[in-house]
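Engineer: Here is my input; please provide its structure:
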Amino acid sequence: MAKYSEEFIESILVKVLPPQNRSKRDVAAEAGITSRTINNWLNRAREGTSKSIIIPPESKTVNEKISLVFESKSISPAKLPKWLREKGLHSEHIQLWEQEFRALGQTSKNRDSKETKELKLKYKKVKKELLRKEKALAEMAALLTLKKKAHAIWGDDEDD
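Structural biologist: Now for the predicted structure:
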């Protein structure tokens, strides 16, 4: 198993992370390593087990962002700057992510209320259609009953 320097690992990760966003396969082929190795390095960097490699805030996943926002809320204001430096973040990142999550919640609420209105309208139409069909069915049942009674009273009509 080859041991790579932190500088080499960081240079590879810089290529696959934003802003370059090159494919892992291309970078791996260029460097003579496997894409699985790059995945392992990315995982180590995300988990924080590799101290010199810091994943840029722009490339963090939604789950990582949520976790960092919650974690930042549990840290005292005096210790927050040190924590942010360790994570490679600025306070603006946390604030921006909070705003994104709030906006996402509002979008979800708006979408849900729109879907609710559409479903209520569809329900109203279906209910109206069902009522119309029930009336038609009741009318047909009444006509059939009258036909049977007329047949019982007057018998078969020979003209039919």
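Engineer: Not counting sequence-adjacent ones, nearest residue to Ile94?
Structural biologist: Nearest residue to Ile94 in three dimensions, chain neighbours excluded: Ser72, at 5.0 Å (CB to CB, 6 or more residues apart in numbering). All C-beta atoms are positioned from the backbone trio N, CA, C, and that covers glycine.
Engineer: how about that neighbour, phi and psi?
Structural biologist: phi -60, psi -30 (degrees, to the nearest 10).
Engineer: My read is that it contacts Pro81, right?
Structural biologist: No. Assessed by CB atoms under 8 Å, Ser72 is found out of contact with Pro81, at 11.1 Å.
Engineer: Look at these two and report which has more neighbours.
Structural biologist: Neighbour count, other CB atoms under 10 Å: between Ser72 and Pro81, Ser72 has more, with 19 against 12.
Engineer: show me where the protein has helices.
Structural biologist: Shown for the chain, the helices assigned by DSSP state H span residues 6-16, 24-31, 35-47, 62-73, 80-87, 91-154.
Engineer: And the average pLDDT for the longest one is what?
Structural biologist: The predicted model assigns helix 91-154 a mean pLDDT of 87.
Engineer: For it, what is the distance to the chain centroid?
Structural biologist: Put simply, helix 91-154 sits 26 Å off its chain's centre (CA atoms, centre = their mean, to the nearest Å).
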